[in-house]
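> coords below, sequence missing:
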Ligand SMILES: [Mg+2]
């Protein structure tokens, strides 16, 4: 079967990683409880930054955020490796900008995520993911972002939301741990 995955905050804990970097750079110590309660995908509010300041902060730190030690979401790596060993096709569909495509692919490979040529897509807008998902005829797709998931409501494939504080209102099947994947695909 064909499985599609968003990367950031679906497979890896990017926001939390960025949150630690923001604390360090701003010389603050905003707590994890605040992070876990955030209702926005963006993290700037927790640091008292405006959207514009947050945007600038993110862009100035993006290399450090993307390519240092961002941890995988627990068990994501093992779950994808298992799919790969079972002979399933794994596709990545990330809205990270095009110029970060090659480095992201390399970084993901280095972390141990199964990667095959031609199965990595990046640089699209949220509402454009659906075109790729249709073209690839995926059987399953996983994402954390409400704006993406909302576009997929009427599609034939099985779509799952990776549980995060800012997507609890999204009313589609939910995955809270990657250990659930094995059961999902045998259903
Ligand atoms: Mg994401």
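In hand now; what should we look at? Here the structure is a predicted model, which means the values were calculated and not measured. Residues are numbered from 1 along each chain as shown.
> And residue 125, how close does it get to residue 59?
17 Å (CB to CB, to the nearest Å). In this view, the C-beta of every residue, glycine as well, is placed from N, C-alpha and C.
> quick one: residue 75 from residue 40, how far?
Applying CB to CB to residue 75 and residue 40 gives a distance of 26 Å.
> repeat for residue 87
In terms of CB to CB, residue 87 sits 39 Å off from residue 40.
> So the two - more neighbours on which side?
Neighbours were counted for residue 87 and for residue 40 using other CB atoms under 10 Å; residue 40 has more, 13 against 7.
> okay, now the closest residue to that one other than its chain neighbours: neighbour count?
The shortest distance from residue 40 to any non-neighbouring residue, by CB to CB, 6 or more residues apart in numbering, is to residue 166 (5.7 Å). Residue 166: 16 surrounding residues under other CB under 10 Å.
> repeat for residue 49
By other CB under 10 Å, the burial measure for residue 49, its neighbour count, is 18.
> Now do the longest helix belonging to the chain, average pLDDT.
Identified as the longest helix of the chain according to DSSP state H is helix 51-67. Averaging pLDDT along helix 51-67 gives 97.
> how much space between the residue lying farthest from the centre of the chain and residue 47?
Computed with CA atoms, centre = their mean, the residue of the chain farthest from its C-alpha average is residue 27, at 26.9 Å. Residue 27 is 11 Å from residue 47, where distance means CB to CB.
> One more: residue 82?
Counting by CB to CB - residue 82 and residue 47 are separated by 38 Å.
> how about the residues of this structure that lie near the ion?
Contact residues, the chain versus the ion (CB under 5 Å from the ion): 6, 8-10, 144-145.
> Please convert the residues you listed to TSV, extending it with secondary structure.
Compiled in TSV, these are given as follows (DSSP: H, G, I helix; E, B strand; the rest coil):
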residue	secondary structure
6	coil
8	strand
9	coil
10	coil
144	coil
145	coil
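> Please, which helix or strand holds the closest residue to residue 67 other than its chain neighbours?
Spatially, and ignoring its direct neighbours in sequence, residue 67 is nearest to residue 107 (5.5 Å; CB to CB, 6+ apart). Using DSSP states H and E, residue 107 sits in helix 101-111.
> any residues touching that helix, and which ones?
Residues from elsewhere that reach helix 101-111 (CB atoms under 8 Å, 6 or more residues apart in numbering): 7, 12, 66-67, 72, 77, 92, 94, 96, 115, 120, 122-123.
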